[in-house]
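Chemist: Kindly generate the corresponding structure for this input.
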Amino acid sequence: MYTQGLDQKSAENETSMADEGVAAASFQARVDAEEKIEAKDWMPEAYRRTLIRQISQHAHSEIIGMQPEGNWLTRAPTLRRKSILLAKVQDEAGHGHYLYGAAETLGISRDEMVGDLLSGKAKYSSIFNYPTLTWADIGAVGWLVDGAAIMNQIPLCRCSYGPYSRAMVRVCKEESFHQRQGYEIMVELTRGSDEQKAMAQDALNRWWWPSLMMFGPSDINSSHSAQSMAWKIKRFSNDELRQKFVDVTVPQATAIGLHVPDVDLQYNEETEHYSFGEIDWQEFQNVLAGNGQCNRERMQTRRQAHDNGRWVREAAAAYAKKHSNRAAA
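Modeler: Got it, this is the predicted structure:
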C-alpha cells in the first residue's frame, strides 16, 4: 500500500514536470515570436522572479533618485530652474509608482517591495550614492545619469512582459525631458564665467565614471544578462549599451567645450566607435556593498520619510475600509 502511494506520487511529479516542459517551450515560442506576456499568462517561475527583482530595483532607484536632486530644490538659481527641477523630482516619484504597479501584477505586494528596500535586502542603482555638491551636478545628473538611463530603458519599451513595457513608454518620454534639461544646464554653465565653466567640468569629472558603471558589469561577469536576453526582458548587452552611451555623449561634451576625464579615450576610425579606459569595478562593488559616499544618508532619509508617512497610509487604509463596509452593507 505504501509503495503504491509513492509510485503514484512519482508518476504525478513526472506528469507535472512534463506539462511544465511543454508550457516552458510554448512560453519561449511566444517570446521568440515577439508576443507580449501578460500578468495572467503562464510563465516560468524564474522569469517571474527575474522581473520582480529588476522592476522593483528600478522602482526603488526612481524613489531614492529623488534625493540627490531634491537637495537643490530650495537652492536652484532661478525660479524657472526651480520649477523645472520640482517637476523632474515629481516625475521620478511617478515613475516609482508606475513601476511598483507593474511589479504588483507579478504577485508581490508593494508593502513587501518597500520592506525589502528599507531592510537593505533590495538594491537600487549605485549612482544615487554620490553627492550633488554644486548646481552643475544637477546638470550632470540630468545629462549623464538620465542619459544613461534612457539608453538602458528605451529597449525596455519592447520588453517581453507587457505591463513593464507599457509603463516604460511614459517613463522614457519623461526621461528624455530630464536629459535635455540637464544638458541645457551644462550648456549655460559653459557659456558663463570661468568659474562656471570650471564647475561644469568638475561635475563631468566626478559623474562620468559612475555613469558608465550604471550599465552594470561586463556581460562576461554578469549573472543575469544571458537569460534576460533569451527571455527578451533586455534587448542589448551591458557592454553594447555602454558603448552606445559613450559614442553619443562624447561628441556632446566636445560640442560645449568639456573634456571627458579619460586619458585612454580615442575614436577608432575602423569601428566608428570610441574606445575608452578601464572602469574601476572595485569602486562599483564598494558602493553596492553600502560603502559609498551617501549610502547611509540615502537609506536613513528614506526610512525617516517612510515613518513620517505612516499616519497617511493608516488614514487611507481606514478610509478605504470604511467605504468598503458601507458598500457591503
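
Chemist: tell me the mean pLDDT for stretch 224-235?
Modeler: Looking at stretch 224-235 alone, the average pLDDT works out to 88.

Chemist: what comes up buried for that stretch?
Modeler: Of the residues in stretch 224-235, those scored as buried under the neighbour-count criterion (16 or more other Cβ atoms under 10 Å) are Ser225, Ser228, Trp231, Lys232, Ile233, Lys234, Arg235. Where you see a C-beta, it was placed from the backbone N, CA and C, and this is true even at glycine.

Chemist: Also stretch 96-112?
Modeler: Of all the residues in stretch 96-112, those buried under the rule 16+ other Cβ under 10 Å are Gly96, Tyr98, Leu99, Tyr100, Ala102, Ala103, Glu104, Thr105, Leu106, Ile108.

Chemist: Assign His72 to helix, strand or coil.
Modeler: Residue 72: Trp, not His. Judged by DSSP: H, G, I helix; E, B strand; the rest coil, the three-state class of Trp72 is coil.

Chemist: Pull up the gap between it and Gly290, please.
Modeler: In this structure, Trp72 and Gly290 are 25 Å apart, going by Cβ to Cβ, to the nearest Å.

Chemist: and the two? which has more neighbours close in?
Modeler: A count of neighbours by other Cβ atoms under 10 Å puts Trp72 above the other of Trp72 and Gly290, at 19 against 12.

Chemist: Just give the nearest non-adjacent residue to the more buried one, would you?
Modeler: Taking Cβ to Cβ, 6 or more residues apart in numbering, and ignoring the residues beside it in sequence, Trp72 has Ile138 as its nearest neighbour in space, at 5.3 Å.

Chemist: could you list every residue that touches the one you found?
Modeler: Applying Cβ atoms under 8 Å, 6 or more residues apart in numbering, we find Ile138 in contact with Glu69, Trp72, Ala76, Leu85, Thr132, Gly182, Ile185.

Chemist: ok, now Gln252?
Modeler: For Gln252, the residues meeting the contact criterion (Cβ under 8 Å, 6+ apart) are Trp143, Tyr183.

Chemist: so after whichever strand or helix holds it, what's the next helix or strand?
Modeler: Secondary-structure element containing Gln252, defined by DSSP states H and E: helix 238-255. In the C-terminal direction, the helix or strand that comes right after helix 238-255 (DSSP H and E) is strand 266-268.

Chemist: Quick check: mean pLDDT of that next one?
Modeler: When pLDDT is averaged along strand 266-268, the result is 94.

Chemist: With distance to Ala122 and secondary structure added, can I get the buried residues of stretch 224-235 in a markdown table?
Modeler: As requested, the buried residues of stretch 224-235 are exported to a markdown table (distance: Cβ to Cβ, whole Å; DSSP: H, G, I helix; E, B strand; the rest coil):
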| residue | distance to Ala122 | secondary structure |
| --- | --- | --- |
| Ser225 | 20 | helix |
| Ser228 | 18 | helix |
| Trp231 | 21 | coil |
| Lys232 | 24 | coil |
| Ile233 | 18 | coil |
| Lys234 | 19 | coil |
| Arg235 | 24 | coil |
